[in-house]
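>>> no sequence on this one, just coordinates:
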């Protein structure tokens with residue numbers, strides 16, 4: 001996993017929640033524009049947040065979700081829905 005990319009994601013998330021204090025939780029794909037603007041991922045016009053969802057699935061499979069402390073995984077029988085929430 002690319003440590004630099006993870007650090008950038010954490011910075012984007014920290015800045016987002018600092019600027020949007022009223023947000024309690026946001027779907028991961030809703031922040032794709034922020035990640036693209038920060039140069040973390042390339043434009044994602046058709047895949048509805050696929051790059052961040054793919055990265056989160058990889059981290060999850062390797063028991064490394066803790067590297068992005070903002071992540072919240074809502075596990076269903078077939079799918080996992082990914083969200084970000086401010087740190088407590």
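It's in. The structure presented is a predicted model; accordingly, all values stated were derived computationally and were not measured.

>>> and the residue nearest the centre of the chain?
By CA atoms, centre = their mean, the chain has its centre lying nearest to residue 28, at 4.7 Å.

>>> let me know the pLDDT of the closest residue in space to that one that isn't next to it in sequence.
Once flanking residues are discounted, residue 28 sits nearest to residue 82: 3.9 Å by CB to CB, 6 or more residues apart in numbering. Heads up, the C-betas are built off the backbone N, CA and C, glycines and all. Looking at residue 82, its pLDDT reads 96.

>>> buried residues in the host helix or strand of residue 82?
Secondary structure from DSSP states H and E places residue 82 in strand 80-84. Residues of strand 80-84 classed as buried by neighbour count (16 or more other CB atoms under 10 Å): 82, 83, 84.

>>> could those residues go into CSV alongside distance to residue 57?
Below are the buried residues of strand 80-84 laid out as CSV (distance: CB to CB, whole Å):
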residue, distance to residue 57
82, 8
83, 14
84, 15
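
>>> my guess is residue 10 meets residue 70, correct?
Yes - using CB atoms under 8 Å, residue 10 is in contact with residue 70, at 7.1 Å.

>>> have a look at these two and say which one is more surrounded.
More crowded of residue 10 and residue 70, by other CB atoms under 10 Å: residue 70, with 20 against 15.

>>> could you measure from that one over to residue 27?
Relative to residue 27, residue 70 is positioned 12 Å away (CB to CB, to the nearest Å).

>>> how about residue 63?
Distance from residue 63 to residue 27, counting by CB to CB: 23 Å.

>>> and if you look at residue 58?
Following CB to CB, the distance that separates residue 58 from residue 27 is 18 Å.

>>> do the same with residue 84
Taking CB to CB, one finds residue 84 at 8 Å from residue 27.

>>> residue contacts, the residue nearest to residue 28?
27, 28, 29, 52, 53, 56, 71, 72, 73, 74 (CB atoms under 8 Å, 6 or more residues apart in numbering).

>>> next: residue 8.
38, 39, 40.

>>> weed out the non-buried ones from these.
By 16+ other CB under 10 Å, the contacts of residue 8 give residue 40 as buried.

>>> next, the buried residues of the longest helix anywhere in the chain.
Using DSSP state H, we find that the single longest helix of the chain is helix 3-19. Neighbour-count burial for helix 3-19 flags 5, 6, 8, 9, 12, 13, 16, 17 (criterion: 16+ other CB under 10 Å).
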